[in-house]
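**Student:** Sequence and computational prediction follow.
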Amino acid sequence: MAAVLMHGQCLSLGLNVAALVNAFSTLTDTSSTLLLGTAGTCQEQVRNEKECLDEVVETRTWHLYTSRKYTFSKKQRFRSQQLAPGADGIAVSKTHFSSGRERYAFDCTEVACEVKGFRLVAKKSRAEKKLRFHERIAKTQSAAQAMADCFNKRLQSCFDSPQPALLLHFVPCAIYEVDEVSRSGGRAWFLVEPLLEGRFCKWNNNAGGVRKNIGVTVRIGTSELCIDDVTQAFSHFSYERSNHSALICDMQGIWNAVDGFSLTDPVIHHVGCNRKHRADTDFGGAGIDSFLATHKCSTLCQMLKLPFIEPRLSKHKQHTFESVLRRHQAY
């Protein structure tokens, strides 16, 4: 078992993904205080040595692995990355706390004898999948962040002052390769990312579904914008920015007025991509049709100068919205 010592470096994380990137890449443990922010405020959680030593990563409830870590760069390449100084591997809860179409989500942290890092989430495929499965997901998340950078830049150009509440960020992720004798080849992989703490929402899915979650409006100049419209506008933006060749959806994560949106697990529908090369959640042209069939352009779409979309079926005639719904329900 691995005893837990004090959390490290004092960081005002809030829900700001830039801070999460820094925390995720360093994971250093140097003091007994961690500042965690919720909805733009910070709660100081002081853990004294006795409390920390009472926390133990028990092998009854956690799997302990020796591990190697890889990240996916913006240049679309994987690179090896060091664990936290002195860390030997990771601890992954034996019980998942959530599940999706393709993966289970587990509590996770880096460990080294008597050291525990920041709270993470480990995502493992429902079926035994190879490294390529996790590489594709990491690549999707990286591509979504690149599109979010373009969206944020366009968004900020529409206003006289910064509007952090409207900005979108996708959390950084890394792939951990672990030794597991029960698996073929003696190895297994987890896709790991920082834990998002707060009210988790899903604004749209990959079959055209749309949900209003926040219900908050912000006044900017003479305009009132609904926060729930931002994610829909981003999906619309991704369709136009890609010259109608792709669309990013399945927008889910957390939001607050200080840091904006922190998102995870996006889906990208690709047009013209061979089905066997696509993820199970990538419905291709049919998935794009499903978005176009239900999307209602908002004030934000107009401000971003996005072409008006009338809710309808698009030019991808070989697919129907009903077929997408049937396929989605079959999952």
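**Tutor:** Looks like it came in fine.

**Student:** longest helix of this protein?
**Tutor:** Ranked by residue count under DSSP state H, the longest helix found in the chain is helix 131-157.

**Student:** got the buried residues for it?
**Tutor:** Residues of helix 131-157 classed as buried: 133-135, 137-138, 140-145, 147-148, 151-152, 155 (neighbour count, 16 or more other Cβ atoms under 10 Å). Backbone N, C-alpha and C define where each C-beta goes, glycine included.

**Student:** helices or strands up against that helix?
**Tutor:** Secondary-structure packing of helix 131-157 (3 or more Cβ pairs under 8 Å, 6 or more residues apart in numbering; DSSP states H and E): strand 62-72, strand 120-125, strand 168-170, strand 174-179, strand 187-194, helix 228-241, strand 267-270.

**Student:** Figure out which of these is closest to Asp250.
**Tutor:** strand 267-270 (3.9 Å; Cβ to Cβ).

**Student:** Show me the shaky parts of the stretch 151-300 of the chain.
**Tutor:** Low-confidence segments of the stretch 151-300 of the chain (pLDDT under 70): 181-183, 274-277.

**Student:** Now the helices and strands packed on helix 131-157 in JSON lines, please, with extra columns for distance to Lys305.
**Tutor:** Converted to JSON lines, the helices and strands packed on helix 131-157 look like this (distance: least, Cβ to Cβ, whole Å):
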{"stretch": "strand 62-72", "distance to Lys305": "31"}
{"stretch": "strand 120-125", "distance to Lys305": "37"}
{"stretch": "strand 168-170", "distance to Lys305": "18"}
{"stretch": "strand 174-179", "distance to Lys305": "36"}
{"stretch": "strand 187-194", "distance to Lys305": "33"}
{"stretch": "helix 228-241", "distance to Lys305": "9"}
{"stretch": "strand 267-270", "distance to Lys305": "23"}
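
**Student:** Dump these into a markdown table; add distance to Gly285 and mean neighbour count as well.
**Tutor:** Formatted as a markdown table, the helices and strands packed on helix 131-157 follow (distance: least, Cβ to Cβ, whole Å; neighbours: other Cβ atoms under 10 Å):
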| stretch | distance to Gly285 | mean neighbour count |
| --- | --- | --- |
| strand 62-72 | 26 | 19 |
| strand 120-125 | 26 | 22 |
| strand 168-170 | 24 | 25 |
| strand 174-179 | 30 | 20 |
| strand 187-194 | 27 | 22 |
| helix 228-241 | 12 | 23 |
| strand 267-270 | 7 | 24 |
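
**Student:** Which of the three states applies to Pro162?
**Tutor:** For Pro162, the assignment made with DSSP: H, G, I helix; E, B strand; the rest coil gives coil.

**Student:** Next, the contact list for it, please.
**Tutor:** By Cβ atoms under 8 Å, 6 or more residues apart in numbering, Pro162 lies in contact with Gln156.

**Student:** out of the helices and strands packed on helix 131-157, which comes closest to Ala91?
**Tutor:** It's strand 62-72; of these, that one is closest to Ala91 (Cβ to Cβ) at 4.5 Å.

**Student:** Quick check: mean pLDDT of the closest one?
**Tutor:** Average pLDDT, strand 62-72: 72.
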